[in-house]
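[1] Please find the sequence and the predicted model below.
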Amino acid sequence: MSTKIKATETVQQAAEATVEATKAQVAAGFEKTLTSMKEGMENAAKGFEAQQAKVKEQMAKAMKTTEEMMAFSQGNFEAMVKAGQIFTAGLQGISKQIASTTQASVEETVAMTKALGGVKSVKEAVDLQTGYARAMMEKAVAETGRITDASLKLTEQTIAPLTARVTLAVEKFGAAI
């Protein structure tokens with residue numbers, strides 16, 4: 001019986017050794033898995049932090065661009081308002097000039113009509129009308145030239161703020177294109 005006991009003890013010892021070896025392997029595998037998981041979590045956290053930093057950087061750039069576009073649009077609006085003010089003031093000036101010329105013309109016509117009433121001959125009436133027509137034609141040509149010059153000047157002054165904005169846009173955004 002002692003052989004049987006010894007054989008049983010040997011089998012038991014072998015089983016215990018196998019169980020211990022399996023426990024050691026499981027523990028080593030568990031430790032290895034834990035280490036791999038920790039490394040994976042650390043790498044994921046680092047990757048997330050890097051991605052988060054990139055997102056913040058891109059958002060900051062987008063906000064800056066948006067702010068610049070808003071400021072530029074505000075400048076465009078201000079240039080349009082200024083151009084409108086210049087145009088309105090210039091148009092009032094030209095309108096006053098036309099009204100003044102028209103009033104002078106009416107007064108000259110009234111004076112010429114009165115003068116026609118006092119003529120003594122047909123020749124004197126024709127001479128008076130011819131002189132009046134010539135004077136009115138010369139004044140019309142001169143006044144047309146003044147109004148044309150004033151209109152051109154007004155146009156230049158009106159588009160100046162807008163031209164400045166276009167120039168700024170080309171300088172600012174032309175380099176990006």
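    All right, it came through fine.
[2] What distance do you get for residue 92 to residue 12?
    117 Å (Cβ to Cβ, to the nearest Å). Every residue, glycine included, has its C-beta placed from N, CA and C.
[3] Please enumerate the helices of the chain.
    Secondary structure of the chain (DSSP state H): helices at 2-117, 122-174.
[4] Pipe those into JSON lines and attach mean pLDDT per row.
    Output for the helices of the chain, formatted as JSON lines (pLDDT from 0 to 100):
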{"stretch": "helix 2-117", "mean pLDDT": "89"}
{"stretch": "helix 122-174", "mean pLDDT": "91"}
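[5] Make TSV from the ones you listed and add mean neighbour count to it.
    As requested, the helices of the chain are arranged in TSV below (neighbours: other Cβ atoms under 10 Å):
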stretch	mean neighbour count
helix 2-117	11
helix 122-174	13
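[6] who's in contact with the residue lying closest to residue 115 once chain neighbours are set aside?
    Leaving aside its chain neighbours, residue 115 sits nearest to residue 128 (5.8 Å; criterion: Cβ to Cβ, 6 or more residues apart in numbering). Applying Cβ atoms under 8 Å, 6 or more residues apart in numbering, we find residue 128 in contact with 112, 115, 116, 119.
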